[in-house]
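> Compute the structure for the input listed below.
(2 chains)
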Amino acid sequence: MKETSNKYLISAILLGLAFHGTSIFFTLETTYDALIHLFFADHYANSWFEPWNYKWYTGFTVMSYPPLVHQSIAIFSMIGGLKFGLFSVALISIVLFITGVYRFSLLITGHKTAAGYAALLAVFSSSFVETLHVFGQLPSIVGISILMHALPEIYLWLKTGKHWYLMTSLSLIAVTVTSHHVTPIFGMVFFIFPLIGMVIMDVSKEQVETIKAITFKLFLNSFFKLFKRIVSFGLLSLIIIIGCILPYWINSKNNPITQVPIPHGSRDNFLEITSSGLVFFLIPWGILLVLLPYIFYRYYSKRYLFFGLSITILTILGTGGTTPIPRKVLGETAFNILTLDRFTLWASIMSLPILGEFAYRFVQGDLKTLIQSKFGAIYHRIIGGILAGLFVFMTIFTMSLGYFRPSQPQKIKMLPIVNFLNQDDHDKWRFLTLGFGDQMAWLSSQTNAMTVDGNYHSARRLPELTTRPIERLENSKFKGVAGIGSLQQFLTTPEKYNLKYIFSNDKFYDPILYFCGWQRLRQLENGIMVWERLNIPPISSILPKDDVSKWQKILWGIVPLITVLLAFMLNIQALWIKALQTKLKKQPVFLSYKSNYSKFSNTILKTTHAWSIILAISVFYGIYQFYIKNDSQRSPENTLVAYYDALDFKAFETAYNLIDPESNISIAQYMLEVSVTDGLLSSYAKLDAIKTEITNKNDSLATAKVITNWITPLEKINRVDYKSLAKHRGKWYILPEDLDTDLPPDQLYSNNTTSYFNQGRRRITTEQTHHEDVLKQPVLEVLSAKLVKYNKHYAIIGEVQNIDNVPADVFLKGTLYNDNNKELATYNAKYHVKHKLMPKETSSFKINFEGIAWSKTKDSIPKTFNPDEFTPIEFEEQPTKFNIQAAGNVSGSDLYKNIVLSNIEINNKTINGSLFNSGIQEITVPQLLLTYYDENKTMVWVDHLFIKNGIRQQRKQDFEYTFLENDTLKIITDNMENVFVNGLPNKDISNKTVPNRIKNHTNSELQKISNPNFSYIKIETNSYIGNPN
Amino acid sequence: MHLKYTHILFFGLILLSSFTLIKQSETALDIKLLTAQTEFKVGSDIELKFSVSQNAKPLLYCSNSYGSTVIDPIIENNVVKYKIPPNINSKIGIVNWKLIKNNSTMLSGQFHLNPKQEVATMETYIGPPSIEAGGIDFTMLVVIPTDSLDNPLAENTLVTAKHQFLSTEDNEAIFTKNLISYKNIYSQKESGRMLVSSESLTVNSKEFTVTVFPAIPADFTVLAKRPHDYADGNQITIFETSIIKDKQGNIVIDGTYVNFFVTNEKGNVLKTSGTTINGTAIAKMIHPDYETKWTIKAYVEGMAESNTIAIDYKKVIHDFEVDFSKNNRAITIGPLQSFMKQMIPDGLQVKLLVYKNDKLIEALSKTTIDGYVLFNLKSDLFKNDKYNIVIKTAGIEKKYNSKALW
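The predicted model follows:
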């Protein structure tokens, strides 16, 4: 018999290449993972045999991920660049997947047409579309595709015992393991074990008439007959799995993942968090959900029994946290490390052969006959239409997911950033990106500069990162406050990591950058704001690395590609040679186990009908619930939640539509009112939680208490608002709030200020800056400093003055010692200092000593974390001495000082007052620094207050500050012996520049307060200008 | 017999000694330094010549302060020559040499390389680039005249340090010592800009700038300017310092930060600040909205302070009306009128405090529009009951006890 080409398979490949091949250009770069693989590929392209990469996480090893896909991209990149490599490998993976599905389906069904249908459907299957176009998991796709190619070979080895098949199957296993490590391990369990079961069944069947006649005894006999082949295959593949990526296993053993688990949507309860349910359950299953009864029916038939068991386990594991079973089956550790969506992916792929078979039977087989005879031809067509429609809908829906709910920020042009890093030796410092999403990997692959962050969290090394449940610093705002807390530590002590530049694509982080002492450098032409920190030393030219032995590097560098070459020679080459021989080709043995699709089970048809109805009902119920929950004006609660959501996402038109139309506010007026309120709360806050309590409600009116929690980069804000609502024509509306009607006195006014410009290098040269162009460091003086113990934690407080004639950026680093001069802790001043001082200006400061949060108590990470709180460092010994290194650097930015304390009223517990903006810039975040004094006017503590609202020009803003209470305070030492300014002793500087200083000069102007612990207070002001003009 | 033995011993000794002689003539090489000169000018061609008794090729190892090298000989008729390479002969100082053969030193010596007495560049450093006026602070000028091979010139080379400050131009002769010449330039009483250069052997350096900043400020005075003296909570009072100077009379640097403390009659300390321009710092403060007296004093922390001045703010609102309506839940306050009976400018804060049994339940605050303020006491917050209501504005307080809301 001459073999005819399978037209279904050919059209599947062509369709697949045309469909995916064109769409990847629009989707792949915005997926979660693709750019990470690109970064790894860039590593191999530049240093093939050196596994150490300095660019991320202060150095990590690429031996933490199987290299084949990355190395392939790297090889292709030699021809047309990295992205060419990425797309080439993606195209190859598409072909591999479609052909893999075909071969796997052919193995399972033994029916070429059914397998062709399966291949055709696989092209558009939602799980594949999602994995490629939404997740971008190329290695995973390549891994599972090659595994599917391996399955027929394994079957043939076990069945026929021909050594050739052992070789081909092992060669494919080797390729699988070098492209993705998890696939062969779990593939062994979920694909190969059932396959072995199937082979034994087939062997058993040869000895009896029908498959029903197979007894357990017979099965066991067959098993022992095949035992040698099974064991030899098992052992050899184990050797291959371990051997091919041996350095990976060695690395995993040496650097075990001891990180705090990072939350992943696939572990959620899908019924509670419906978005996770959609992405990790509904989409991958797609149309297969309708056919579940058929799939299970087929896989639980005797021949496929073990596949039935396997797919059941996969299905259950794929449900994540919805049921407690996955957690119990996998155990707590594995459950928290694995991403469970892969189980669903495998289950859906395992279902594809059955889907193909179903399609075949439905389109041209016995099912068609059955339906037509039972319900008529029209019904068959309608059902066909519905199924096809659903299938296409799922495909389009999945493809469009990245378009409607982009997982990434807008594509950022990297060239200006790359150019910036190449200029002026900027790449001699580390950088950090904020709000770049996974595009940070693309930036990293284009520059030699290093970042403290990274995008492959399993390889993180710094304890500051591994103790946090965050993937990257870069998107820390989405990781709640644990993320911001982690980011803060990097921003406060950047010199530890040589971190000098931050590229910010998200204005949310601006206040925290400012108050941690960073300053804006400039905006690049792609809109990215560059922030810099002064006084950061450059990275040393020799950096530490964890070296591995040479044989590991060589093995890692050459084995993956050798496995591909071997697999190619054994599988494809051999096919060619065979094809060229005119000898008649023998059919693979599994084709003889074709089931004859003659009589479709009536019960299954009924069950499928019933199941479809149940599914349809639950879908409609879900949609109805969704509608009820989201119909914004159905109830006062909905209206309020919708209103706050709209404000949170700055959808002001949506918010306006919820405002009572009878209040006669035009949208222009509303927009104006909203736009004039700037500040921490209105511009930098993200709504974290909202609770509404309806306090009073009748048919047409309601009042509600709205308790909102907002996360801002600086602190967590809890707010209680009282809102009134009115009902018109069945819809609830919010009554508008009163406005602050304060009128500023002047229409036009002027303000003279001194502004500064530092030329930097005056000569256009790439040489080192000429020595006469280097500015003198401004001289600071630490006026007072002392070590205090406040409740349980230690802090250095004091006062610093810029005694030079130029404005200074102040960098304060404190270190604590015990009696034996052993260093106990070191940290920098964070919020509690004015980082920018004009000539002769003073600022109180406080240096808190923060530990690496939660490093000791891994499991007690607070559920709701306040960015303002910190983990005090735990001291093993008592600190008794301190050292302060103050450094001044000339800075001409952020010198806005026109913030006036215009009124205060004091009672026992609080200070109420108002701030007045007398200048010409709008103050975005005002800050108060409050210094407490005891009855002898000795400074004892420093506190701060961020004011939630901004202050417009010539306007007032009220504030309320509550005094500290019930605290224990102890001054440990006020010995200022070890205070240094720009490396020189503070005392010498003081004696030289201000020899006749009037000590405690403004003590007579301290504010008296009546408080049990404190007698006086001093209020200083600081301000962040969000949009300087 | 005795004699015979003596002879044998004698001849034997002669024989022995002849052997040693032969051996000596085999190993010992007669090498003599022919070059007598030990002082050379840097950069010149230097050849060390040695006479060698045999056809030997010893290597010349030579080292100076920058490094070492080994030189191959050039042999001509029992004379070996060594040409000193440029990396050795272009640096001044002592060059030590050794002739080496078979790991043993044959001969060693040294010669000096002296700088050229010509200046190619003036290597000049000055720092700090800014100093303080007053004659105590100084900047240090370091000049290293160097020859074309980047060698410092000989000791005691004359360097003229020149600087210009205001109307004075100074030249001073300094001499190089230990390779460098330096001069401490002290500031004068005045602040300004000092230009510095230097000259040696008719070659001049480039220009350097040293800024002489004024010294720390001395005491000053402060005054207040305002459009009127009413406490309307709307106009702006400007505090202005006199021109702040240091004790030498230099105007302090622009941007000097001055803190203004304003103490009101209640003893509360308010604060504003300004930075100087041409010595004058200006700070602004919005008028209070109640009658009060302000005492103002300005400080440059730890260095200087102003006199204390006091200004009064007159009451603008003497009384206002309060109207309760809508079950006493709507409270209209106004008209609030200013000193010419005009409506007070929008934005005067009015506070409404609601007490129940002397316990503060709620403090509401609103700002006036066209002289009026309207408060609505919502029924969900204030249940039907009797409350004490206090209204505060412009320093006036009005109390309404046991107001029933229904």
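> Number of residues surrounding residue B:188?
16 (other C-beta atoms under 10 Å in any protein chain shown). From N, CA and C alone the C-beta is placed, and that goes for glycine too.
> State the distance from it to chain A.
16 Å (C-beta to the nearest C-beta, to the nearest Å).
> in a helix, that's where that residue is, yeah?
No. Counting by DSSP: H, G, I helix; E, B strand; the rest coil, one finds residue B:188 to be coil, located in no helix.
> quick one, what contacts whichever residue of the stretch 101-250 of chain A sits closest to chain B?
Among all residues of the stretch 101-250 of chain A, residue A:247 sits closest to chain B, at 43.1 Å; criterion: C-beta to the nearest C-beta. Contact analysis of residue A:247 by C-beta atoms under 8 Å, 6 or more residues apart in numbering or on different chains lists A:51, A:63, A:548, A:552, A:553, A:555, A:556.
> Show me the chain divided up by domain.
No chain specified, so I'll use chain A. Per automatic domain parsing, the structural domains of chain A span A:7-30+A:65-253+A:265-407+A:563-580+A:602-616, A:415-527, A:631-734, A:775-1024.
> look at chain B instead
If you go by automatic domain parsing, chain B breaks into B:31-114, B:121-213, B:222-313, B:322-405.
> Quick one: closest of the ones you listed to residue A:912.
domain B:322-405 (9.3 Å; C-beta to C-beta).
> And the helices in chain B, which stretches?
B:2-27, B:86-89 (DSSP state H).
> Least confident of those helices, on average?
Here the lowest mean pLDDT among the helices of chain B goes to helix B:2-27, at a mean of 54.
> mind showing which ranges of the chain have poor pLDDT?
Picked chain A for this. Flagging of chain A using pLDDT under 70 yields the residue ranges A:1-5, A:257-259, A:480-481, A:574-575, A:577-586, A:851-874.
> um, chain B though
In chain B, residues with pLDDT under 70: B:1-29, B:380.
> can you tell me the residue of the stretch 701-850 of chain A closest to chain B?
For the stretch 701-850 of chain A, C-beta to the nearest C-beta, closest residue to chain B: residue A:742, 3.0 Å.
> what about the residue lying closest to that residue once chain neighbours are set aside, how many neighbours?
Distance criterion C-beta to C-beta, 6 or more residues apart in numbering or on different chains; nearest residue to residue A:742, sequence neighbours excluded, is residue B:347 at 3.0 Å. By the measure other C-beta under 10 Å, the count of residues near residue B:347 is 19.
> Please apply the same query to residue A:711.
Residue A:711 has 24 nearby residues by other C-beta under 10 Å.
> Relative to residue A:947, how far out is it?
17 Å (C-beta to C-beta, to the nearest Å).
> Ok, residue A:190 next?
From residue A:190 to residue A:947 the distance is 58 Å (C-beta to C-beta).
> same deal with residue A:600?
Residue A:600 is 73 Å from residue A:947, by C-beta to C-beta.
> hmm, back to that, let me know which of the domains of chain B is tucked in deepest.
domain B:222-313 (a mean of 20; mean count of other C-beta atoms under 10 Å in any protein chain shown).
> Leaving out sequence neighbours, find the closest residue to residue 44.
If you meant another chain, say so; for now it's chain A. Closest to residue A:44 by C-beta to C-beta, 6+ apart is residue A:74, at 3.8 Å.
> um, chain B though
In space, residue B:44 is closest to residue B:89, 7.0 Å off (C-beta to C-beta, 6+ apart).
> and the residue located most distally from the centre of chain A, what element?
In chain A, counting by C-alpha atoms, centre = their mean, residue A:209 sits farthest out from the average C-alpha position, at 57.1 Å. For residue A:209, there is no enclosing helix or strand under DSSP states H and E.
> tell me the contacts of it?
Counted by C-beta under 8 Å, 6+ apart, residue A:209 has zero contacts.
> Residue A:412 too?
A:436, A:439, A:443, A:505, A:526, A:528.
> what about the residue in chain B that chain A sits nearest to, distance to residue A:55?
Proximity of chain B to chain A (C-beta to the nearest C-beta) peaks at residue B:347, 3.0 Å away. Going from residue B:347 to residue A:55 by C-beta to C-beta gives 55 Å.
> One more: residue A:544?
From residue A:544 to residue A:55 the distance is 15 Å (C-beta to C-beta).
> Neighbour count: the two, which is higher?
Per other C-beta under 10 Å, whichever of residue A:544 and residue A:55 has more neighbours is residue A:55, with 21 against 10.
> where does the stretch 151-300 of chain B come near chain A, residue by residue?
B:208-209, B:213-214, B:216-217, B:234-236, B:253-259, B:261, B:263, B:266-275, B:277, B:282-286, B:288, B:297, B:299-300 (C-beta under 8 Å from any C-beta of the partner chain).
> Nice, that's everything, thank you.
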